[in-house]
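> how would this look folded up:
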Amino acid sequence: MAAAAAASAVVAGNSFDTPNPPPPLPQEDIMGEPKPIDLPADVAAKLTGIAPEKVALIKEGRTGRYVDKDALFDRIRTMPAAELTTYIDAIAALHAQVEYKEGRDAKTIPLDTRSAWFNAWKAKRPLVMDPKRDAGPMDLGRYIGGRRGGFATFAGAPVAMTPEDLKAGKVDVAIVGAPLDMGSGWRNAIDGPRAMRMTGGAGGNDMYAMINPGSVLEIVDYGDIAIDQNSTERSVAHVREMVREIAQTGAIPIVIGGDHSLEYPNVAAAADVHGKGNVSVVHFDSHYDVGRNGVHWITHGSPVYRVLHEGHVRPQDYIQVGLRARGPDLETFGWMRNKGMRYHTMVEVEKYGWDKVMDRAIAEARQNAKKLWISFDVDVLDPAFMPGTGTPVPGGLTMREAQPIMRRLCAKNDIAGIDIVEVAPYLDTSYKSALNSNYLLNACLTGIAMRKKGLPPRYWSPVSSEHGQDAYYGAKKKS
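As a prediction, the model looks like this:
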């Protein structure tokens, strides 16, 4: 009975169910809407016999989704009247199919609430069902030396299962997997956490600082967060609960994805704990992820908008780095500017160089908020270094650039949390995607360790930065 009661308490506890339907968008955020067009006199004359509502469809610019305006005008001018009527009717019929129609289309996707397993996917095992043990991290390594054997974990770290483990172990960093794979449409991010656990690079000494993060920080693997792979909306609500659970203990959550839909619940959870307006975000990505008008409430192309729209982070505290994909267009850049967002494209990097751009980005991130969340979509890296991701874009960061950037960011700022997302290892014929992602994770852990030790963000170990047998570089400068 005790087990059943505990399970019921878990299921009935605090939830962060996403609104269904989502809150309405402000008018200024509704972009991509058709623009009214003026009909040339000869085109208007040719349309005299067409039904007024179909002519209105053309004037409203809605036909531009299906045929270019100038091409449409040319066809109207040259088509016989009977053929023209059929053509305009076809466009109107297509338009009627594309947009939502009350009574024909379902407003929501129903779930079967009669299912006895409705919450089973996220219900935690009550502790009374497990062998009794003292709270605290558990080392799963089998051997004293060598490569640790036993069970693979993030960075070879011990495992923690409960908030009590995190508190008892005075854990600094809890790395947790979130294998969400429904928000992208480019499948295999589900295997990101698994591949990174099985591949080296996250643990061990960082030569730049000559620090092994595991010797400075209490680091644990917090397992994987349960995901409903048939529903991104249900999944992100539980991810938010779990990231919040970690952050409330004082540990820094590092979330390994999974697709970039995760940025929304991750940042929302940080704001739940530290307060809205107290968290800024540096978002590394080749894409801007501010989608607003899609059919789905949350996807990997819309987490930034969700965070801003719900007020978890102020637009001026959202700093994007590495943008270079085909979007945003001028209208979206204008929207981002009007909102007060800060963005740093690869065009800016080409113009000014990484040092100046990151100086600017860091200053912006520290301007208003106390805490920093880093969201790192691995497609910000050039595909030469990250082939295993669903939406690669050429012209990105090298690993030589990315590692010092992440180390510096984590050393300089009070980190609320980090996510590393969109690792899709099965798209990679080598293991470099998981390996490089782990080296980025190590750079983050090293930066957090440097901050704990009071080292400056640009610290280089005097042992690894020169052999010390002469004064070749002159007097040593302070870091």
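> mind listing what's buried in stretch 136-152?
Applying a neighbour-count criterion of 16 or more other CB atoms under 10 Å, one finds 136-137, 140-141, 148 buried in stretch 136-152. For every residue, glycine as well, the C-beta is placed using N, CA and C.
> who touches it?
153, 156-161, 165, 168-169, 171, 197-198, 218, 220 (CB atoms under 8 Å, 6 or more residues apart in numbering).
> can you pull out the strands in the stretch 151-300 of the chain?
Using DSSP state E, counting those that start in this stretch, the strands of the stretch 151-300 of the chain run over 173-178, 219-224, 252-257, 279-284.
> now the second one: buried residues?
Looking back up the chat, that one is strand 219-224. Using 16+ other CB under 10 Å as the test for burial, strand 219-224 gives 219-224.
> show me what that strand packs onto, helices and strands only.
helix 163-168, strand 173-178 (3 or more CB pairs under 8 Å, 6 or more residues apart in numbering; DSSP states H and E).
> give the buried residues for the one helix or strand residue 55 maps to.
In this structure, residue 55 sits in helix 52-59 according to DSSP states H and E. Residues 54-55, 57-59 are the ones in helix 52-59 that count as buried (16+ other CB under 10 Å).
> now the strands for the stretch 351-479 of the chain?
Using DSSP E, counting those that start in this stretch, strands in the stretch 351-479 of the chain cover 371-377, 415-421.
> tell me how far the last one lies from the chain's centre.
Centroid displacement of strand 415-421 relative to its chain, using CA atoms, centre = their mean, to the nearest Å, is 9 Å.
> pull the residues that contact it.
Residues contacting strand 415-421 (CB under 8 Å, 6+ apart): 178, 189, 192, 243, 247, 252-260, 262-263, 266, 269-270, 273-274, 279, 300, 371-378, 410, 437, 440-441, 444, 448, 451.
> which intervals of the stretch 351-479 of the chain have sub-threshold pLDDT?
Within the stretch 351-479 of the chain, the stretches with pLDDT under 70 are 476-479.
> that older thread, now the strands of the stretch 351-479 of the chain as a markdown table including mean neighbour count?
Below are these laid out as a markdown table (neighbours: other CB atoms under 10 Å):
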| stretch | mean neighbour count |
| --- | --- |
| strand 371-377 | 26 |
| strand 415-421 | 27 |
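> which one of the ones you listed lies nearest to residue 468?
Proximity to residue 468 (CB to CB) singles out strand 415-421 among the strands of the stretch 351-479 of the chain, at 32.7 Å.
> partners of the closest one, with directions?
Strand pairing for strand 415-421, determined by DSSP bridges: strand 252-257 (parallel), strand 371-377 (parallel).
> switch the ones you listed over to a markdown table; also include distance to residue 404.
What follows is the strands paired with strand 415-421, written out as a markdown table (distance: least, CB to CB, whole Å):
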| stretch | distance to residue 404 |
| --- | --- |
| strand 252-257 | 19 |
| strand 371-377 | 14 |
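> what's the closest of those to residue 306?
strand 371-377 (12.6 Å).
> quick one: closest of the strands of the stretch 351-479 of the chain to residue 107.
Nearest of the strands of the stretch 351-479 of the chain to residue 107, taken as CB to CB: strand 415-421 at 29.9 Å.
> quick one, that closest one and strand 173-178 angle?
Computed with axes from the mean of the first three to the mean of the last three CA atoms, to 10 degrees, the direction of strand 415-421 lies at 30 degrees from that of strand 173-178.
> kindly export strand 415-421 (C-alpha atoms) in CSV.
Below are the C-alpha coordinates for strand 415-421, written out as CSV (Å, rounded to 0.1, in the frame of the first residue of the first chain):
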residue,chain,number,x,y,z
ILE,A,415,26.0,29.1,-14.8
ALA,A,416,22.3,28.3,-14.3
GLY,A,417,22.7,25.3,-16.6
ILE,A,418,23.8,24.0,-20.0
ASP,A,419,22.2,21.9,-22.8
ILE,A,420,24.1,20.2,-25.6
VAL,A,421,21.5,19.1,-28.2
